[in-house]
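> What follows is a predicted protein model with its sequence.
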Amino acid sequence: STDVVVEDLPNPEVVTEVTGLEIPGEPYNFTCIVTVVDRLIVSPVIEWSKESVIGEENDISVYPMRYKDQLSLEFEVLNTFDAGKYTCDSTVTVTEISVTVSNSSVEVLELQIPVPSVEVTRTQEYDNLLAGSTLTIYCDIDIDVNVDTPFNVTTTWTRNDTVLVSNSRVTIIGPYSTDFNGYQSRIEFSTLSSTMDSGVYTCDVSVTSDSDYLYVIDAENEDDTTTFTVIDPEIGNFNVEPDNILSLETSCPASLEYDKFNLSCMASKPEIVIPDLEVFWLHNGVERIDNSEVTNNGTFVMNTLIFTTSTADDTGNYTCVARIQIPNSSNIYYSVTIIVIIRAARPPVIIIIIEIVVTETTATITFTVPEIAYTPEMYYIQYIGQELQNVLRDSTSINGTNDITVINATYNITLTGLEEANTYEFSVISTNCIGNATTEVMEFTTLSALPAGPPINCTNTTFDPRTVTLEWREPERALQNGEISGYDLRCLMDGSDIPVPDVNSTQDNPDTIYTIPVLTPFRSYDCWLAPINEIGTGPNTTMCVFMTAQDRPEDPPQDFTATDTTVSVTFSWNPPTIPNGIITKYNLTVITNGTSTSDILNADTENFIVSRFVPYQEYNATITAATVAGYGPIDNITGRTNPDISSPVILITIPNRVRGGNFNNTLPSVNSTTLNVTWMPPLTPNGFIEYYNTQCNMDASTHS
């Protein structure tokens, strides 16, 4: 016999194998391996169970896979729902003998919620944000999609590591769900503050599992930051028009255009700045709203003060203020002050002459107007010449600027039609609707030009034969064109081209008289006289013609000759070669036998017969010619008339008685054959007695 020992059926051996990472989103496998005794004809029963929540058996998210004596749980992707305590139970039941054995294996799968994705963004992404603007900071939180068990999300906001809480300006909202596993928290700033809101903002996110899910572990905290600086905004386009105001009190009609004005102040703010931009006016420190007109489109504000008339009360300092008041920030405050002057009615101020530019016939006076005293002004010049113009004249007028705020405006007025080298007195007159203002009297002298006119009335004031004194008058004053410094005198004699020497010495002498020496009597001279000034020589006189006076002839009559007869002499001559005038007569003087006789002969006489002679009479004759100035030198000639038959000689006779007769005239005899003939020379020899011819008639015969 054989002893058969029947042992108790042993419990199956249960072993669990795990593969994969215990991380949500990763694949993971549980394999339950059951080992039973050999030759056991009964297959073991294998089952998986899961406990996620304490005391509750929960479903397994995957279907078990059986392979022989193995039962596997294969997770393609782990979710947090898959976390839990997994138990693999194996049971072997032999019904025939009513035996059941079992065993189990436990595996715990703990899954930690992945670190969430946290991103902080804001509506203004600039580094420098403007105080007064709005801002929202968002904290976007993304939880891993494989987290499918309940969880809690909390956010903590800090600024510069200080926990933030909501207040009147700052509101913290969330976190709240935005989509599957998506959450968001935000901070809303109604107005940013430049003194409080700058810094590093941190959104710290905590994700915790529902407490019922013991095998789901809380996620590690995650955070994100954003940093910005809040600066005060600038007020833009801040401008005041005009810069300053000069207005007039109402008086004359010309002031009506200037007694009204507007003051405009404008400014703008960035559109994102929420607090209002205020623009207002202060008059001498007090806000002025009575005549204010404001336009505001939210970002641009203009405040205009409208003055329809001006009064003295409107004078003063006007300050435009542009202001933004931001909570918990410095007030943004801009201001500019302008001066408004309301001028009282008054006449112009005296202008200032800065330059006088003269030519020969013009003068340009340039002047500045320090200020427009009241209404727009007009300017003109009153002037008078010292010599030629003795009536005050007005220049053409010029209008000043219509801008009464202008200072030191420059103008010029040109006087035309002036005389050359003439001194004028002038003053500049400014006039407005109230009155006039006149400068002191000043002078200018126009430039010289070449004399334009000749000397006047050149005349010979003396009538000397060898010198001439010419006198003349200056050129007409208007034609002198400057001070006459001398005269250019040039003379020609008798139409020749030979100048008379030494007559141009007048060039440096302004006298209007000049004596020309060493002239020739009774000659015609043509002279030209031209004025000289500092510029040069002007035109000549048309001609200054004169003739020297007559003088005594320079020489006696020429070719003085005598033609003799027995009882007359014919004297002949020619006029003097240098008569120095017109020969008016000749004086012929004949001296015979100590007796002088003169004949005054006409000027046209060139021969004269003197019949007062006897034959063979000696004579001495002189001839001289005369002009109105007197007789000139004489010429003489000595001669004798021709001889003629002399008168009988005077015989010296005696009375005698011859042959009884008485003879009174008888010649005395020397002897009987000789007579003594004695006679006296003829009383009128009528020539030189060369010899005597005696004849004696005796007995009818003649003896010589």
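Right, received. Where do you want to start?
> Provide a list of residues in contact with residue 182.
Listed by CB atoms under 8 Å, 6 or more residues apart in numbering, the contact set of residue 182 reads 140-143. (Glycine included, C-beta is placed from N, CA and C.)
> so the residue nearest to the spatial centre of the chain is in which element?
Here the mean C-alpha position of the chain is nearest to the C-alpha of residue 410 (CA atoms, centre = their mean), at a distance of 11.5 Å. Secondary-structure assignment from DSSP states H and E places residue 410 in strand 407-415.
> quick one: the next helix or strand after that strand to chain centroid distance?
Beyond strand 407-415 on the C-terminal side, the first helix or strand identified by DSSP H and E is strand 423-431. Distance, stretch centre to chain centre, for strand 423-431: 26 Å (CA atoms, centre = their mean, to the nearest Å).
> Going by neighbour count, which residues in strand 423-431 are buried?
When burial is assessed from 16 or more other CB atoms under 10 Å, strand 423-431 yields the following buried residues: 424, 426-431.
> Quick one: mean pLDDT for stretch 231-247?
When pLDDT is averaged over stretch 231-247, the result is 86.
> cool, and stretch 27-43?
Taken as a whole, stretch 27-43 carries a mean pLDDT of 84.
> picking up where we left off before, if I look at the residue nearest to the centre of the chain, how far off is residue 352?
10 Å (CB to CB, to the nearest Å).
> residues bridging contact with the two, i.e. touching both?
The contact lists of residue 410 and residue 352 share 367-369, where a contact means CB under 8 Å, 6+ apart.
> picking up where we left off before, which residue packs closest to the residue nearest to the centre of the chain, ignoring adjacent ones?
Take residue 410 and drop its neighbours on the chain: the residue closest to it by CB to CB, 6 or more residues apart in numbering is residue 368, 5.1 Å away.
> same check, this time on residue 295
The shortest distance from residue 295 to any residue other than its chain neighbours is 4.9 Å, reached at residue 302 (CB to CB, 6+ apart).
> ok so residue 596 is a strand residue?
Yes. Using DSSP: H, G, I helix; E, B strand; the rest coil, the assignment for residue 596 is a strand.
> just checking, it touches residue 588?
No. Counting by CB atoms under 8 Å, residue 588 is not a contact partner of residue 596; they are 11.1 Å apart.
> quick one on the thing from earlier: quick check: which element contains the residue nearest to residue 410?
strand 363-371.
> Select only the buried ones of the shared contacts of residue 410 and residue 352 in PyMOL?
One line in PyMOL is enough to select the buried ones among the shared contacts of residue 410 and residue 352; burial here means 16+ other CB under 10 Å:
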select buried, resi 367+369
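> Tabulate the shared contacts of residue 410 and residue 352 (JSON lines), appending distance to residue 207 and pLDDT.
Formatted as JSON lines, the entries for those read as follows, by distance: CB to CB, whole Å; pLDDT from 0 to 100:
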{"residue": "367", "distance to residue 207": "90", "pLDDT": "97"}
{"residue": "368", "distance to residue 207": "85", "pLDDT": "97"}
{"residue": "369", "distance to residue 207": "85", "pLDDT": "96"}
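> So which of the shared contacts of residue 410 and residue 352 is the closest to residue 361?
Relative to residue 361, the closest of those is residue 367; by CB to CB it sits at 20.9 Å.
> Any idea what that closest one is bridged to?
For residue 367, the beta-bridge assignment (DSSP bridges) gives partners residue 353, residue 411.
> what's the distance between it and residue 66?
When CB to CB is the yardstick, residue 367 and residue 66 sit 123 Å from each other.
> Also residue 379?
Distance from residue 379 to residue 66, counting by CB to CB: 123 Å.
> Neighbour count for these two, which is higher?
For the pair residue 379 and residue 66, the greater number of neighbours falls to residue 379 (22 against 11), based on other CB atoms under 10 Å.
> and the helix or strand in which the more buried one is found, which strands flank it?
Element membership of residue 379 [criterion: DSSP H and E] is strand 378-385. Partner strands for strand 378-385, per DSSP bridges, with pairing direction: strand 393-394 (antiparallel), strand 398-399 (antiparallel), strand 423-431 (antiparallel).
> and the angle for it with strand 363-371?
With axes from the mean of the first three to the mean of the last three CA atoms, to 10 degrees defining the directions, strand 378-385 sits at 140 degrees from strand 363-371.
> Show residues contacting strand 378-385.
Where contact means CB under 8 Å, 6+ apart, the residues beyond strand 378-385 that reach it are 351, 365, 367, 369, 390-400, 411, 413, 415, 418-419, 422-432, 438.
> same check, this time on stretch 680-697
Everything outside stretch 680-697 that qualifies as a contact, by CB under 8 Å, 6+ apart, is 566, 614-616, 642-650, 652, 675, 677, 679, 702-704.
> what sits against residue 636?
560, 620-623.
> Identify the bridge partners of residue 563.
residue 570.
> Who are the contact partners of it?
Taking CB under 8 Å, 6+ apart, we find residue 563 in contact with 569-572.
> okay, these in a markdown table with neighbour count next?
Formatted as a markdown table, the entries for the contacts of residue 563 read as follows, by neighbours: other CB atoms under 10 Å:
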| residue | neighbour count |
| --- | --- |
| 569 | 24 |
| 570 | 14 |
| 571 | 25 |
| 572 | 16 |
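> all strands for the stretch 501-650 of the chain, in order.
Secondary structure of the stretch 501-650 of the chain (DSSP state E, counting those that start in this stretch): strands at 513-516, 524-532, 544-547, 558-564, 569-574, 585-592, 595-602, 607-610, 618-627, 630-640, 650-651.
> what helices or strands is the fifth one leaning on?
Under the contact definition 3 or more CB pairs under 8 Å, 6 or more residues apart in numbering; DSSP states H and E, strand 569-574 sits against strand 558-564, strand 585-592, strand 607-610, strand 618-627, strand 630-640.
> Any chance you could list what contacts the third one?
For strand 607-610, the surrounding residues in contact (CB under 8 Å, 6+ apart) are 568-573, 588, 590, 597, 599, 601, 619, 621.
> just for the chain, where's the confidence low?
Per-residue confidence of the chain (counting by pLDDT under 70) places the weak regions at 1, 4-7, 55, 386-389, 504-506, 542, 656-665, 698-704.
> now the strands paired with strand 378-385 as JSON lines including distance to residue 484?
Compiled in JSON lines, the strands paired with strand 378-385 are given as follows (distance: least, CB to CB, whole Å):
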{"stretch": "strand 393-394", "distance to residue 484": "26"}
{"stretch": "strand 398-399", "distance to residue 484": "36"}
{"stretch": "strand 423-431", "distance to residue 484": "15"}
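> can you tell me which of those strands comes nearest to residue 209?
Taking CB to CB as the criterion, residue 209 comes closest to strand 398-399 out of these, the separation being 95.2 Å.
> picking up where we left off before, measure how far the strand holding residue 368 is from the centre of its chain, please.
That offset, for strand 363-371, works out to 15 Å (CA atoms, centre = their mean).
> by contact count, what packs against it?
Applying 3+ CB pairs under 8 Å, 6+ apart, we find strand 363-371 packed against strand 352-358, strand 378-385, strand 407-415, strand 423-431.
> Next secondary structure after the last one?
Right, strand 423-431. strand 436-438.
> who does the helix or strand just after that next one pair up with?
Later in the chain than strand 436-438, the nearest helix or strand by DSSP H and E is strand 442-445. The strands beside strand 442-445 in its sheet (DSSP bridges) come out as strand 423-431 (antiparallel).
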